[in-house]
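*Asks:* A predicted structure for the sequence below; I have some questions about it.
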Amino acid sequence: MVLVFDILTTAAVLFIVTAGLMVIFGVMKIVNFAHGALLTMGAYASFVVTQLKLNPWLGVPLALVVGVAAGMLVERVIVRPLYRRPLDAILATWGLGIVIGQLIVMGFGREVQFVESPLKGAVSVAGTDYSAYRLLLVPAALVLCAALVALLSGTRFGVKTRAVIMNEDLARGLGIHSGRIRFITFSLGAALGSLAGMLITPLSSVDPDMGLPYLVNAFMLVMVSGYSMTSLLLTCLVFGACQVLVSTFVSPVLGGLTIAVLAAFTLRIRPRGFSHG
């Protein structure tokens, strides 16, 4: 039973971490390599809340504010001039991630820090004791997925977003402000990245480089999933299960490489990922 919970919670963490990257990639066709730095910013927002002895749940709004503010600034100053040059945008966001990491080191030092968990203790499910906070992330991931699917499929913003994805020139001709759609989308993706950082920190430590391993896995999952949130959720479940099984029965070191290896193998067979026929 513990193995089942491990698989479900790992998949939930992977989805929460990757959702923001997927939102930006799905609309803008740009892989935001500053995503790892945004995760780290959200983690340090949670750390600040702990240091101030405030309610740990206040880390949620603080991380969202930090993420939105960073996303708006980055989109306006760095990404906007590079829409037609996606490779340059990747390099620019990678460089930005390094800069943010150095600023965090200057502000907080290189020491490993720990944050207070918003939900302590274990709960007993079917006779098995398991971390209450880890289990909470499973419904959180499902709610996040449902909210993003509803936003992108069932609202006027979603319709306009899909129009921009399919044919930006035609969307502009229909009076859709594609620049505004991109601005909102990038800010939303950045906010989700920062929120993910806040949500995963009670499970691990906080340090200036913590976002990098998550960025690698998130990038691989986005490449495999294509543009679909439900496809991303299923990919996280399958790849997360493989990661947990390899870590448990073979080696934790190999478990850490599982997602990258599986993604490379999958893209070799299906170069356009799962969400394409």
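*Replies:* Looks like it arrived, so ask away.
*Asks:* Just read off the phi/psi values of Leu254.
*Replies:* phi -70, psi -30 (degrees, to the nearest 10).
*Asks:* Would you mind listing the residues in contact with it?
*Replies:* Val246, Ser247 (CB atoms under 8 Å, 6 or more residues apart in numbering). To be clear about C-beta, it is placed using only N, CA and C from the backbone, and glycine gets the same treatment.
*Asks:* Equivalent analysis for Met1, please.
*Replies:* So Met1 contacts Val125, Ala126, Gly127, Thr128 (CB under 8 Å, 6+ apart).
*Asks:* let's see it at 7 Å
*Replies:* Applying CB atoms under 7 Å, 6 or more residues apart in numbering to Met1 gives the contacts Ala126, Thr128.
*Asks:* do the same with Ala132
*Replies:* Ala132 makes contact with Leu119, Gly121, Ala122, Val123 under the criterion CB under 7 Å, 6+ apart.
*Asks:* right, and the pair among those residues with maximum separation?
*Replies:* Leu119 and Ala122 (10.3 Å; CB to CB).
*Asks:* Format the contacts of Ala132 as CSV; extra columns: neighbour count and pLDDT.
*Replies:* Putting the contacts of Ala132 into CSV (neighbours: other CB atoms under 10 Å; pLDDT from 0 to 100) gives the following:
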residue, neighbour count, pLDDT
Leu119, 15, 86
Gly121, 9, 86
Ala122, 13, 87
Val123, 14, 87
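*Asks:* contacts for stretch 165-181?
*Replies:* Against stretch 165-181 from outside (CB under 7 Å, 6+ apart): Val27, Lys160, Thr161, Ala163, Val164.
*Asks:* Dump the host helix or strand of the third one to PDB, restricted to CA.
*Replies:* Same thing as Thr161. Per DSSP states H and E: Thr161 is located in helix 156-166. This file holds the C-alpha atoms of helix 156-166, laid out as PDB (Å, rounded to 0.1, in the frame of the first residue of the first chain):
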ATOM      1  CA  ARG A 156     -13.400  32.900 -23.600                       C
ATOM      2  CA  PHE A 157      -9.800  33.200 -22.600                       C
ATOM      3  CA  GLY A 158      -9.300  29.500 -23.500                       C
ATOM      4  CA  VAL A 159     -11.000  30.000 -26.900                       C
ATOM      5  CA  LYS A 160      -8.800  33.000 -27.700                       C
ATOM      6  CA  THR A 161      -5.700  31.100 -26.500                       C
ATOM      7  CA  ARG A 162      -6.500  28.100 -28.800                       C
ATOM      8  CA  ALA A 163      -7.000  30.600 -31.600                       C
ATOM      9  CA  VAL A 164      -3.500  32.000 -31.000                       C
ATOM     10  CA  ILE A 165      -2.000  28.500 -30.800                       C
ATOM     11  CA  MET A 166      -3.600  27.400 -34.100                       C
END
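*Asks:* can you pull the buried residues of that helix?
*Replies:* Lys160, Thr161, Arg162, Ala163, Val164, Ile165 (16 or more other CB atoms under 10 Å).
*Asks:* just how off-centre is stretch 208-226 within its chain?
*Replies:* 8 Å (CA atoms, centre = their mean, to the nearest Å).
*Asks:* So what touches that stretch?
*Replies:* Contacts of stretch 208-226 (CB under 7 Å, 6+ apart): 14, 17-18, 21-22, 25, 31, 33, 35-37, 39-40, 43, 101, 104-105, 110, 197, 204, 231-232, 235-236, 239, 259-260, 263, 266-267, 272-276.
*Asks:* If you average the pLDDT over that stretch, what comes out?
*Replies:* On average, the pLDDT along stretch 208-226 is 89.
*Asks:* What separation do you get for the closest residue to Thr258 other than its chain neighbours and Ala263?
*Replies:* Nearest in space to Thr258, with sequence neighbours left out and distances taken as CB to CB, 6 or more residues apart in numbering, is Gln243 at 4.4 Å. Distance of Gln243 to Ala263, given as CB to CB, to the nearest Å: 11 Å.
*Asks:* In terms of neighbours, single out the busier of the two.
*Replies:* Neighbours were tallied for Gln243 and for Ala263 using other CB atoms under 10 Å; the higher tally belongs to Gln243 (25 against 22).
*Asks:* Point me to the helix or strand that includes that one.
*Replies:* Gln243 belongs to helix 229-249, assigned by DSSP H and E.
*Asks:* Please state the offset of that helix from the chain centre?
*Replies:* Offset of helix 229-249 from its chain centre (CA atoms, centre = their mean): 15 Å.
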